[in-house]
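Colleague: I'll drop the sequence and a predicted model, then ask my questions.
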Amino acid sequence: MDPVLVLDADMTVAAARKAMALATAGTAVVVRRRDPRTDRATLLWYPLGPDDRDRVLGANVDPGMPLGVSLDLHEHGASEVRQLEHPDVTGGFWTGLVVDGARPVGWMTADPHTNRGPTRGIEFPPAPAPVDPAPAQRSPAPPPPIDLVPVEAMPGDAAEAAPESGAEPPQAGAEPGDPVSQVDPPADVTAYPRVDVPEAVAPGAAFEIVVGLSYQAQAGVQGAAMHIAVPQPNQPRELTIQVKAENFTLDTMRYPLPFDPADLAKAEVRIPITAPAVADTWRGRIEVEYSQNGLLIGTAWREIVVTPTAPAGAPASTAGGEVAVELDQNVPIDLTVSISRGEADGTFLWTYTTPHAQVPLPDVQVITKLADDTAETLALRNIREMAQVDGNPNAELRVLGVARQISDLLTEAKFWPVLTAAWKVAHDDGRLPTLLLVSQESLIPWELASVEPDYVIDPSLVDPAAPPILGAQVIAGRWRPAGPETPSGMRRPSTTPAQAMAISGLAVVVGEFGPSSGFRSLKQAIEEGQQLTQTYQAVWIKGTASEVATLLKGQATNQGMPLVAQVLHVASHGEVDPDSPLNSGVILSDSSVRIDETIVVGSSFARSAAPLVFLNCCQLATDSGSSLIEGGLAAAFLQAGARAFIAPLWSVDDTIAKDTALRFYAEALGKGRAVGDVVRELRARYTTEFPQHDQTTPLAYAYYGHPALTLTRQETH
């Protein structure tokens, strides 16, 4: 067998280049990656051919990008391997990687006459990402890294097994042969949530729930393993627990959970809680969020019945579920807001997480109730009002009126003191704050909230040149809670928004509406598609039923080869008619069928490409004035597998929409700026480029994705 150099998908491109420089002639190179479909417990292997190696070594690849992102690795592209004792190996018939358990042994080429024995693979664990110097004032860069090494111990690695007496495994990133002064601890450990909630309790009963960690999923519950970073010796070994329990009474909703990486099962906290004093049987839910260093790492919930007939000493509830969240500890988000729907329409439960210890967080449950609306009616009214004044001298008054209404809702949720404190931390660092809204409620346009002095009491934080609108002042992104786990282990939307995407191709769908179509021609949309095609070598897809169907089925081609595209851009008409769902969606130029959420969910392209989707649809005026994306196509594309989504909330001006798209790609793809910051800057044009403040189109765009998501252009081979 030939020797094999093993690179980890989580290591940086710079570290991979350094490792590849050590490889001798005849050494095979493979990338090792954890399978996200199996809670990362299974290993996937990707041999690197000459083109892939050239891509890693190419000057156009960001050295700080994760290797797996730069190569755009997917589950379906993984290679088969053979175990050392497999008959194909012992018989000399196998060509490919040979492993012993989870550890690579060598690269075998089928040759019945060879008598070479196996040679040991060279393994390089992922190295910590380089730390950039502090950015300048108002820089779009994400917050400074937390001093944690984002290396995951792989099955069978030295980091996972106890070292032999006197043995000292090499440190992550150390050169072979370098002296090692101490043993590196594992970079993270894996544990399941432990949430012990009684199956039933009596009305008004005081009881305890036990929250902690476990090495295995609780019986009867589909578990989700969380990855917990092992802190440095001078850092606290502690998670933060937040409890959401509508109608139950808690002394406080936030608890520390100390843990020992060597014995996670000992970690537990007992939380006193009182059941509501209901007269009839009532079913409730207790939800627990786990966070570390201000980033969510998992959520677990259990159902509980409050009934007068509850037995004493009821068994633990097994009705519930768990979701693991994997946000990069090296890219902390200044403030994450989780919004859950309550039992009644218009009721929301709020929690806040932040990596900044100086930011005061609410200790009591935060539960809000809309006075006269459901989320749907409030959102539709706001969006209708915004759409009606685009280009009107009264637009500025309407914008401020809607913004203040939304800010008042956030005031009730105790949002402003938390945001202001996190914003102050970022401001003192010379940058803008990052904000992630993870919300079951995806209808209300929270990004339109006012940041006037009534709400953000420190005016020095607010950019006076930009509109006093939240989404134009901070680097924000939305996400939806993860979807249910399939038997294969997939969740759509994923538990975690992507933080980097390698872009090797774009597909641009353009609606070309002639006089016979009955729709207004979109000259600017055609020019938009032409410029994107010329600038980024995008593949032009006509907005017809047949071509769009071929694309969404994953059957489109480019120069005779299967189309590879990680961006789907649509420039066309769109419409929403709540009274006629079949008339809602993206309008095709030759068919009455709309590309609606059901068709999107059935798309093979979205599942395999996991694209960034930009629907730049100039919506037709409808009596409802409702949004094309909220609760509709945004949710559908994320459910289908999209990693990010951008679209306007209301009808937009054709010319401004074209300019918005071209600027977005020039900044996000051309310059590699964070997508959340680019969208913020595009919203700010409401005041910076329209001094009369009469064009609402710049404020219309909503963004679903990680606020610090970066796009990197990759050359195709």
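Modeller: Structure received.
Colleague: going forward, measure contacts between C-alpha atoms and count neighbours the same way
Modeller: Fine.
Colleague: Tell me the helix or strand right after the longest helix along the chain.
Modeller: Here the longest helix in the chain is taken by residue count, with DSSP state H as the criterion, and it is helix 395-412. Counting by DSSP states H and E, the element after helix 395-412 in chain order, helix or strand, is helix 415-428.
Colleague: Extract the C-alpha set from that following helix and format it as CSV.
Modeller: C-alpha atoms of helix 415-428 as CSV (Å, rounded to 0.1, in the frame of the first residue of the first chain):
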residue,chain,number,x,y,z
PHE,A,415,-35.1,43.3,24.0
TRP,A,416,-33.7,46.9,24.0
PRO,A,417,-31.6,46.8,27.2
VAL,A,418,-30.0,43.6,26.1
LEU,A,419,-29.3,44.8,22.6
THR,A,420,-28.0,48.1,23.7
ALA,A,421,-25.5,46.5,26.1
ALA,A,422,-24.3,44.0,23.4
TRP,A,423,-24.1,46.8,20.9
LYS,A,424,-22.0,48.9,23.3
VAL,A,425,-19.5,46.0,23.5
ALA,A,426,-19.2,45.8,19.8
HIS,A,427,-19.0,49.6,19.4
ASP,A,428,-16.1,49.7,21.9
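Colleague: Now do the helix or strand just after that helix: which elements does it pack against?
Modeller: From helix 415-428 onward toward the C-terminus, using DSSP H and E, the following helix or strand is strand 434-439. Using 3 or more CA pairs under 8 Å, 6 or more residues apart in numbering; DSSP states H and E as the contact definition, the elements that strand 434-439 packs against are strand 335-341, strand 475-479.
Colleague: With distance to Ser439 added, can I get those in a markdown table?
Modeller: Conversion of the helices and strands packed on strand 434-439 to a markdown table gives the following (distance: least, CA to CA, whole Å):
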| stretch | distance to Ser439 |
| --- | --- |
| strand 335-341 | 5 |
| strand 475-479 | 6 |
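Colleague: Asp88 is in contact with Trp94, isn't it?
Modeller: Yes - counting by CA atoms under 8 Å, Asp88 does reach Trp94; the two are 5.2 Å apart.
Colleague: and for these two, which residues touch both?
Modeller: The contact sets of Asp88 and Trp94 overlap at Arg82 (CA atoms under 8 Å, 6 or more residues apart in numbering).
Colleague: Val586 - that's part of a strand, no?
Modeller: Yes - according to DSSP: H, G, I helix; E, B strand; the rest coil, the state of Val586 is that of a strand.
Colleague: Tell me, how many residues neighbour it?
Modeller: When neighbours are counted by other CA atoms under 10 Å, Val586 registers 27.
Colleague: any idea how far Cys617 is from it?
Modeller: According to CA to CA, to the nearest Å, Val586 and Cys617 sit 7 Å apart.
Colleague: Tell me, how many residues neighbour Ala262?
Modeller: 8.
Colleague: Just the pLDDT for it.
Modeller: According to the per-residue confidence, Ala262 scores 88 in pLDDT.
Colleague: about what we covered before: out of the helices and strands packed on strand 434-439, the one nearest Thr24 is which?
Modeller: Each of the helices and strands packed on strand 434-439 was scored for nearness to Thr24 using CA to CA, and the closest is strand 475-479 (44.9 Å).
Colleague: after that closest one comes which helix or strand?
Modeller: Per DSSP H and E, the first helix or strand lying C-terminal to strand 475-479 is strand 500-503.
Colleague: mind putting the helices and strands packed on strand 434-439 in a markdown table, mean pLDDT and mean neighbour count included?
Modeller: As requested, the helices and strands packed on strand 434-439 are exported to a markdown table (pLDDT from 0 to 100; neighbours: other CA atoms under 10 Å):
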| stretch | mean pLDDT | mean neighbour count |
| --- | --- | --- |
| strand 335-341 | 91 | 21 |
| strand 475-479 | 94 | 28 |
